[in-house]
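Q: predicted coordinates and the sequence they were generated for:
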Amino acid sequence: MKIGIPNERFNNETRVALIPAAIANLKNEHHEVYIESDAGIGSYIPNEEYEKAGATLVSDTKKLYESVDVIFKVSPPTQNLTLKQHEVNLMREGIIYIGFLAPHSNRDVLEKMQDRKITVFAMEYVPRITRAQSMDALSSMATLAGYKAVLLGANHLGKIFPLLMTAAGSITPANVFVLGAGVAGLQAIATAKRLGARVEAFDPRAAVKEQIESLGAKFVEMELPKEDVETAGGYAKEQTDEFLKKEQEAIARRLSRTDVIISTAQIFGKKAPILITEEMVAQMKPGSVIVDLAAEQGGNCELTQANEVVNKHSVTIVGAVNLPASIPFHASQMYAKNISNLFRHLFQSPDFKLDFDDEITRSACIIRNGEIVNEMVKQLV
Ligand code: NAD
């Protein structure tokens with residue numbers, strides 16, 4: 001099959017869907033890779049490296065979209081400002097798209113893809129089962145985001161993280177509180193611990209207590225909801241207002257000693273829960289920092305502004321958006337592995353026929369023959 005890698009045009013996107021090291025395996029399986037000139041520049045990969053790995057460089061964007069069978073993307077399709085056309089309209093009818101799609105906020109893009117009968121596989125819907133772990137780009141990107149969030153927190157804090165005993169006196173470690181201990185939260189805990197902070201964390205899924213403690217952090221005990229808090233896929237369910245109020249109170253009790261909050265609480269496909277109100281921010285110590293990884297989903301803090309760093313009540317609130325794009329080298333490396341594993345799984349049969357009886361193929365497919373086929377996306381739209 002002919003695989004096309006276009007330049008990413010979403011605001012400030014630096015990642016690229018395939019890196020040269022991932023090309024050899026695809027070529028061994030008789031696929032051809034076509035890459036738009038300069039697509040790797042944001043990830044520090046020059047055109048020559050792709051050519052050396054056996055890819056064909058294409059400088060004409062339209063030609064790239066017209067001539068390939070499959071498009072690998074990182075960010076959802078968007079307007080191509082140079083050609084003044086939407087990327088979906090550049091795609092050949094009936095083509096296959098594999099990439100992130102954020103279907104809940106990109107309804108218009110879904111409609112365009114339906115009109116053009118594009119078969120769409122969305123990275124967000126790769127099922128979170130053991131067999132699909134090597135294709136799980138959400139986890140790869142969340143890992144990087146959790147790491148980077150701590151670095152941002154440390155950078156904005158007017159203190160250092162570790163305990164220091166010096167001739168000029170002792171310095172006590174910073175206190176970091178991680179809200180939500182999914183993939184990003186656990187990586188944030190590990191990173192903050194490595195930097196020497198005292199870390200505590202909370203998540204309504206009781207199963208993560210052990211994981212938090214195994215990283216050397218303290219699990220903040222609070223009364224957990226009696227009903228099932230987790231979906232079959234391992235995601236947290238939306239909590240009641242009553243529970244969220246109790247959670248806010250429990251967080252508020254810790255604010256007088258917290259230096260940095262890393263908030264990662266999210267409900268798949270929904271607005272993020274508000275865990276930190278303005279009143280709570282006002283209780284924090286001057287100079288404290290909140291890094292809100294849920295900024296794009298509305299934020300866990302009432303004062304968060306996505307893509308902005310704001311200072312309110314002497315607290316710095318970082319509305320973190322697309323942090324993996326700030327670590328493009330490794331983000332592209334991990335993403336390239338995930339997407340090529342998914343592609344090879346989808347087209348493993350000798351005649352490249354898709355097997356919709358397979359759980360991974362079925363779950364990741366969002367649009368087929370012009371119809372939305374994924375139940376979760378159907379409900380969202
Ligand atoms: P996510 O990004 O959707 O959510 C982040 C975290 O926020 C979750 O841990 C969630 O429990 C938490 N959260 C939700 N509401 C909260 C609240 N009110 N207060 C505090 N925290 C709250 O989730 P994620 O990190 O992408 O994944 C969540 C889970 O999915 C993982 O921990 C794991 O159990 C499962 N998972 C499984 C696989 C696999 O088996 N292959 C891979 C990845 C993830």
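A: Received, thanks.
Q: rest of the way, CA atoms for contacts and neighbours
A: Fine.
Q: what about the closest residue to L303 other than its chain neighbours, how many neighbours?
A: What sits nearest to L303 in space, not counting adjacent residues and going by Cα to Cα, 6 or more residues apart in numbering, is E278, at 6.4 Å. E278 has 13 neighbours, counted by other Cα atoms under 10 Å.
Q: what sits against E278?
A: By Cα atoms under 8 Å, 6 or more residues apart in numbering, the residues touching E278 are 301-303.
Q: quick one, grab the pLDDT at Y65.
A: For Y65, the pLDDT comes out at 95.
Q: for it, helix, strand, or coil?
A: At Y65 the chain is in helix, as set by DSSP: H, G, I helix; E, B strand; the rest coil.
Q: so it touches V88, yeah?
A: No. Between Y65 and V88 there is no contact under Cα atoms under 8 Å: 9.2 Å.
Q: below-threshold pLDDT in the stretch 201-350 of the chain: ranges please.
A: 226, 232-234 (pLDDT under 70).
Q: for it, what lies in contact range of the ligand?
A: 202-205, 234-236, 264-268, 273 (Cα under 6 Å from any ligand atom).
Q: at 5 Å instead, please
A: 203, 234-236, 265-268 (Cα under 5 Å from any ligand atom).
Q: which one of these sits in the busiest neighbourhood?
A: When neighbours are taken as other Cα under 10 Å, the top entry among those is A265 (27 neighbours).
Q: does A145 touch P324 like I think?
A: Yes. Counting by Cα under 8 Å, A145 touches P324, with 5.6 Å between them.
Q: comparing those two, which residue is more hemmed in?
A: The neighbour comparison of A145 against P324 (other Cα under 10 Å) goes to A145, with 28 against 24.
Q: double-check that the more buried one belongs to a strand.
A: No. Assessed by three-state DSSP, A145 does not belong to a strand; its assignment is helix.
Q: for whichever residue of the stretch 1-150 of the chain sits closest to the ligand, helix, strand, or coil?
A: For the stretch 1-150 of the chain, the residue closest to the ligand is R128, as judged by Cα to the nearest ligand atom, at 3.9 Å. Three-state call for R128 (three-state DSSP): coil.
Q: which pLDDT value goes with it?
A: For R128, pLDDT reads 91.
Q: so which of the contacts of E278 wins on neighbours?
A: Top of the contacts of E278 by neighbour count (other Cα under 10 Å): C301, with 26 neighbours.
Q: what separation do you get for V310 and G153?
A: Per Cα to Cα, to the nearest Å, V310 is found 13 Å from G153.
Q: same question, P76
A: Distance from P76 to G153, by Cα to Cα: 28 Å.
Q: same drill for the two, tell me which one is more crowded.
A: A count of neighbours by other Cα under 10 Å puts G153 above the other of P76 and G153, at 25 against 21.
Q: and T78, what does it touch?
A: 9-10, 86-88, 109.
Q: same list (these) but as JSON lines, adding secondary structure and pLDDT.
A: Below are the contacts of T78 laid out as JSON lines (DSSP: H, G, I helix; E, B strand; the rest coil; pLDDT from 0 to 100):
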{"residue": "R9", "secondary structure": "coil", "pLDDT": "80"}
{"residue": "F10", "secondary structure": "coil", "pLDDT": "78"}
{"residue": "H86", "secondary structure": "strand", "pLDDT": "94"}
{"residue": "E87", "secondary structure": "helix", "pLDDT": "95"}
{"residue": "V88", "secondary structure": "helix", "pLDDT": "96"}
{"residue": "V109", "secondary structure": "helix", "pLDDT": "96"}
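Q: nearest to G169 among the residues you listed?
A: For these, the closest approach to G169 (Cα to Cα) belongs to F10, at 48.8 Å.
Q: pretty sure that closest one sits against S75.
A: Yes. F10 lies in contact with S75 (Cα under 8 Å); the separation is 6.5 Å.
Q: so if I had to pick from the two, which one is more boxed in?
A: S75 (19 against 14).
Q: spatially, what comes nearest to the more buried one if we skip its sequence neighbours?
A: Using Cα to Cα, 6+ apart, the nearest residue to S75 is F100, at 5.5 Å.
Q: looks to me like I98 is in a strand.
A: Yes. Under three-state DSSP, I98 sits within a strand.
Q: pLDDT value on it, please?
A: pLDDT, I98: 98.
Q: cool, and E124?
A: 95.
Q: hmm, it is touching L101, no?
A: Yes. With contacts counted by Cα under 8 Å, E124 reaches L101, the gap being 7.3 Å.
Q: overlap of the contact sets of the two?
A: By Cα under 8 Å, 6+ apart, no residue touches both E124 and L101.
Q: coming back round to it: by neighbours, which of the contacts of T78 wins?
A: V88 (24 neighbours).
Q: and the contacts of stretch 28-35?
A: Here stretch 28-35 has contacts from 1-6, 23, 26-27, 50, 54-58, 64, 68, using Cα under 8 Å, 6+ apart.
Q: so which bits of it are buried?
A: Of all the residues in stretch 28-35, those buried under the rule 16 or more other Cα atoms under 10 Å are 32-35.
Q: just stretch 13-32 next, same as before
A: Buried residues in stretch 13-32 (16+ other Cα under 10 Å): 13-20, 22-24, 26, 32.
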